[in-house]
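Visitor: just a sequence and a predicted model for now, questions to come.
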Amino acid sequence: MSAREAVATLTGATPQGAPAAFTELPAPKDSSAPDGPLAWQGYDAARARAATRTGEDESVICGTARVAATEVVLISFEFGFLGGSLGERTGDRLEAAYTHARERRLPVVSLIATGGSRMQEGMLALLQLQRVTRQSALTRAAGLPQIAVVRDPTTGGGWATLGAGADVILALPGAQIGFAGSRVRPPDADPYAYTAEAQLTAGHIDAVVRPEELRDTVGRWLTLLTDGTRGPGGTHVTVAAAEPPAGLGHCAPPATGWDAVSLARDPRRPRAEAYLDAYFTGREPINGDRGGGTDPGMLCGFGVHEGRTVAYAAQCGTATLPAGYRTAARLIRLADRLGLPVLTLVDTPGAANDAEAERSGAGGAIADLFAAVATARVPVTSLLIGEGGSGGALALAAPGNTWATPDSYFSVIAPELATAILKRPPEETRATADQLRLRPQDLLALGVIRGIVGRD
């Protein structure tokens, strides 16, 4: 797929680039020395052949386009031009594109297919990675979203900057993705590890999207991510808090502490998926912690509630893994940058505490989520929908804006564990549950929650 074919897939333009659909930005003036900065013999001839073959004069084209209902700055790589490699002229174009995005306050969508830095320009080509990263960081600080669509192949510095550095990363099926290109990997490397599907499993990308679904998917993401209220330059603007969802389960408050625990642990109780489906008219998930981990028990993403975008992070009733906490922290920081309110659903018996969780940095991951919630400039609303097991649950709860359903509890520790620590016989667990004052009405009386939600 050429650069312009990729643009056409995303925008509906013709590959030749209909002016109404894709308007190419003027290319910065080329001041290259003969055969480039290294005087690499034959470099000019190679570029000329690449231009003849592809119809492009550089490895990237940049312009403005409309994807669904949203105007964007669109960057598209031409792999047929010297392997989509990054050189100084590529850096010039990318910097101009990012600058235009900030001036016009437009999101950036990158259609990436690259083999990395251009060898014929040596270290000056490699330095473009620092240049591109700075432009991406400035755009992020301005509160503008960046979406990457990873095509085949995407390796080297292009993946490590434009690709992996984007807010949302989508990939085409079977795309080769990795920092190491196919010719520089260890000979015994598992080729599957460098595929879009493997990167999804490892939490490095958010979704694998078929070409025929790409336009609608990117269009939905753009609608969600551009609904925020960041001012010019990313300045903070007051954002209205998300309202807590209505309760879906048991209506009556529990009579005893153990009743509260039993209701929360009832396998028939509505879980996070049911609450998200009832609350949102449409949503798109993010996947993984970008560090090699995923947690199916933590659902994160963005959805539409009563016509506006709300970010969500929801526990599913399982022990939360370190990757789950890191994914939630990533979600909250992204929402904060974009000026979007956050909803969290609290439901876990506690943080995973096995040896693998400790090796994966459970403490640091929980601390990072506590910090993300505490420092968010946008409002965070939390609803306790089931078990609230100690600090592993509290990390996802908003200080001063946490609500609870009648079939939930929140406790400093599980009643069984409290009984064991206090060296009480097991038959005293029910009495211990009462002493912990963990029922929703107890939490309200103690000022731990703002209120108890009922059915609509």
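Guide: Received the coordinates, thanks. Numbering: from 1, shown residues only.
Visitor: from here on, just use CA atoms for contacts and neighbour counts.
Guide: Fine.
Visitor: so for stretch 212-224, mean pLDDT?
Guide: The predicted model assigns stretch 212-224 a mean pLDDT of 96.
Visitor: for that stretch, list the C-alpha coordinates in CSV.
Guide: Provided in CSV are the C-alpha atoms of stretch 212-224 (Å, rounded to 0.1, in the frame of the first residue of the first chain):
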residue,chain,number,x,y,z
GLU,A,212,-12.0,-1.7,5.3
GLU,A,213,-12.8,-0.8,8.9
LEU,A,214,-10.0,1.7,9.3
ARG,A,215,-11.8,4.9,8.3
ASP,A,216,-14.8,4.3,10.6
THR,A,217,-12.5,3.2,13.5
VAL,A,218,-10.2,6.2,13.2
GLY,A,219,-13.2,8.5,12.8
ARG,A,220,-14.7,7.2,16.0
TRP,A,221,-11.5,7.7,17.9
LEU,A,222,-11.1,11.3,16.6
THR,A,223,-14.6,12.1,17.7
LEU,A,224,-13.9,10.8,21.1
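Visitor: going forward, count from 23.
Guide: Done: numbering now begins at 23, and the last item shifts to stretch 234-246.
Visitor: endpoint to endpoint, stretch 225-232 covers what distance?
Guide: Terminal residues of stretch 225-232 lie 18 Å apart, using C-alpha to C-alpha, to the nearest Å.
Visitor: contacts for that stretch?
Guide: 186, 190-195, 218-219, 221-222, 239, 307-316 (C-alpha atoms under 8 Å, 6 or more residues apart in numbering).
Visitor: against I169, how distant is R242?
Guide: Taken as C-alpha to C-alpha, the span from R242 to I169 is 12 Å.
Visitor: who's more crowded, the two?
Guide: I169 (23 against 19; other C-alpha atoms under 10 Å).
Visitor: show me the beta-bridge partners of that one.
Guide: Applying DSSP bridges to I169 yields these beta-bridge partners: V131, V190.
Visitor: A377 - how many residues pack around it?
Guide: The burial count for A377: 9, using other C-alpha under 10 Å.
Visitor: and if you look at the one 4 residues further on?
Guide: Around R381 there are 11 other residues, counting by other C-alpha under 10 Å.
Visitor: and it, what pLDDT?
Guide: The model's pLDDT for R381 equals 96.
Visitor: any idea how far it is from A387?
Guide: Distance, R381 to A387, using C-alpha to C-alpha: 11 Å.
Visitor: and V475, by the same measure?
Guide: 30 Å.
Visitor: next one: F201
Guide: Using C-alpha to C-alpha, F201 is found at 25 Å from A387.
Visitor: higher neighbour count, those two?
Guide: Set side by side, F201 and A387 show more neighbours around A387, with 22 against 18, by other C-alpha under 10 Å.
Visitor: that one should be in a helix, yeah?
Guide: Yes - counting by DSSP: H, G, I helix; E, B strand; the rest coil, A387 is found in a helix.
Visitor: for the residue nearest to G314 when sequence neighbours are not counted, which residues are in contact?
Guide: Leaving aside its chain neighbours, G314 sits nearest to A224 (4.7 Å; criterion: C-alpha to C-alpha, 6 or more residues apart in numbering). Counting by C-alpha under 8 Å, 6+ apart, A224 makes contact with G310, G314, G315, T316.
Visitor: contacts for stretch 181-191 next, please.
Guide: For stretch 181-191, the surrounding residues in contact (C-alpha under 8 Å, 6+ apart) are 132, 134, 136, 138, 151, 154-155, 158, 167-172, 199-201, 226-229, 308, 356.
Visitor: what about the residue nearest to M141 when sequence neighbours are not counted, which helix or strand?
Guide: Excluding the flanking residues, the one nearest M141 by C-alpha to C-alpha, 6+ apart is A147, at 7.3 Å. A147 belongs to helix 144-148 when assigned by DSSP states H and E.
Visitor: state the mean pLDDT of that helix.
Guide: 95.
Visitor: and stretch 30-40, by the same measure?
Guide: 69.
Visitor: what about this protein, any weak spots by pLDDT?
Guide: 35-42, 250-259, 478 (pLDDT under 70).
Visitor: circling back: look up how far G196 lies from the residue nearest to M141.
Guide: In terms of C-alpha to C-alpha, A147 sits 28 Å off from G196.
Visitor: pick out whichever of the two has more residues nearby.
Guide: Neighbours were counted for A147 and for G196 using other C-alpha under 10 Å; A147 has more, 21 against 17.
Visitor: give the buried residues for stretch 50-61.
Guide: For stretch 50-61, the buried set under the neighbour-count rule, 16 or more other C-alpha atoms under 10 Å, comprises D57, G58.
Visitor: contacts made by it with the rest, please.
Guide: Contact with stretch 50-61 is made by Q63, G64, Y65, D66, R111, D114, R115, A118, Q142, E143, G144, L146, as judged by C-alpha under 8 Å, 6+ apart.
Visitor: and it, how far apart are its ends?
Guide: 21 Å.
Visitor: starting at the chain centroid, how far to that stretch?
Guide: Distance, stretch centre to chain centre, for stretch 50-61: 38 Å (C-alpha atoms, centre = their mean, to the nearest Å).
Visitor: would you mind measuring from the residue nearest to G314 to T397?
Guide: 28 Å.
Visitor: then A300?
Guide: Counting by C-alpha to C-alpha - A300 and T397 are separated by 29 Å.
Visitor: repeat for L406
Guide: Applying C-alpha to C-alpha to L406 and T397 gives a distance of 21 Å.
Visitor: more neighbours, those two?
Guide: Neighbours were tallied for L406 and for T397 using other C-alpha under 10 Å; the higher tally belongs to L406 (33 against 12).
Visitor: what lines up beside whichever strand or helix holds that one in the sheet?
Guide: Here L406 is covered by strand 402-411, with elements defined by DSSP H and E. Using DSSP bridges, the strands paired with strand 402-411 in its sheet are strand 364-370 (parallel), strand 424-426 (parallel), strand 431-433 (parallel).
Visitor: okay, it in PDB with CA atoms only?
Guide: Extracted in PDB, the C-alpha atoms of strand 402-411 (Å, rounded to 0.1, in the frame of the first residue of the first chain):
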ATOM      1  CA  VAL A 402     -12.600  11.800  38.400                       C
ATOM      2  CA  THR A 403     -15.900  10.100  39.400                       C
ATOM      3  CA  SER A 404     -15.800   6.700  41.000                       C
ATOM      4  CA  LEU A 405     -18.500   4.100  41.600                       C
ATOM      5  CA  LEU A 406     -18.000   1.100  43.900                       C
ATOM      6  CA  ILE A 407     -20.000  -1.600  42.200                       C
ATOM      7  CA  GLY A 408     -18.800  -4.700  44.100                       C
ATOM      8  CA  GLU A 409     -15.800  -5.600  46.200                       C
ATOM      9  CA  GLY A 410     -13.600  -2.800  47.500                       C
ATOM     10  CA  GLY A 411     -10.600  -4.700  48.700                       C
END
